[in-house]
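Peer 1: from the sequence below, what's the structure:
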Amino acid sequence: MELINCKECGRMFGSEHGELYCSKCRVNDDADFKKVREYLYDNPGATVQEVAEDTGVSETLIIKFLKQERIEIIEDGNAILSCERCSKSIKTGRYCEVCKAEIKKELAQAAKSLKESKAPKAKYHSHNK
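Peer 2: Next comes the predicted model:
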């Protein structure tokens with residue numbers, strides 16, 4: 001178990017599986033997400049501002065849920081989320097599908113290259129008699 005500070009509140013807690021948030025913040029986050037999800041179920045197409053005003057959940061947290069792909073914007077060409085790599089408008093997450101595919105390909109190539117560079121090199125001996 002590793003002791004880390006909660007990314008949200010700063011309190012120290014024991015993280016066993018790479019969690020970034022303490023249990024209290026995770027519970028609060030889950031409760032806020034549930035409010036947003038239920039609101040959107042009853043009000044599809046609501047704006048971030050409307051959701052924030054009617055649920056009491058901050059716009060920042062709603063945008064965090066969008067970036068985590070927990071919720072999605074309905075309309076195309078929105079001005080709320082854009083790909084962090086190419087700036088194309090997206091409905092959820094941090095990257096558009098094209099950039100996701102390119103990043104995946106680049107990571108696979110980097111992993112392959114790293115694996116090859118760490119592979120033991122063959123040793124050769126001269127057998128001159």
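Peer 1: and the contacts of the lowest-mean-pLDDT helix or strand in the chain?
Peer 2: Here the helix or strand of the chain ranked lowest by mean pLDDT, DSSP states H and E is strand 12-15, holding a mean of 88. The contact list for strand 12-15 (Cβ atoms under 8 Å, 6 or more residues apart in numbering) reads 1, 2, 3, 4, 5, 6, 22, 23. Just so you know, the C-beta spots here come from the backbone N, C-alpha and C atoms, and that holds for glycine as well.
Peer 1: any idea which of these is closest to residue 93?
Peer 2: residue 6 (23.9 Å; Cβ to Cβ).
Peer 1: need the pLDDT of that closest one.
Peer 2: In the predicted model, residue 6 carries a pLDDT score of 89.
Peer 1: tell me the mean pLDDT over the biggest helix by length in the chain?
Peer 2: Looking across the chain with DSSP state H, the single longest helix is helix 97-118. Mean pLDDT, computed over helix 97-118, is 92.
Peer 1: show me what counts as buried in that helix.
Peer 2: Under the neighbour-count criterion of 16 or more other Cβ atoms under 10 Å, helix 97-118 has residue 99 buried.
Peer 1: who does the least confident helix or strand of the chain pair with, and is each partner parallel or antiparallel?
Peer 2: strand 2-5 (antiparallel) (DSSP bridges).
Peer 1: pull the distance from the strand it pairs with to the chain's centre.
Peer 2: 20 Å (Cα atoms, centre = their mean, to the nearest Å).
Peer 1: quick one: which of the contacts of strand 12-15 is nearest to residue 88?
Peer 2: Using Cβ to Cβ, residue 6 is the member of those that lies nearest residue 88, at 33.1 Å.
Peer 1: now the residue nearest to the spatial centre of the chain, nearest residue through space, not along the chain?
Peer 2: The chain has residue 68 as the residue nearest its centroid, 4.5 Å off, counting by Cα atoms, centre = their mean. Nearest non-adjacent residue to residue 68, counting by Cβ to Cβ, 6 or more residues apart in numbering: residue 93, 8.0 Å away.
Peer 1: for the one you found, helix, strand, or coil?
Peer 2: Here residue 93 is recorded as coil under DSSP: H, G, I helix; E, B strand; the rest coil.
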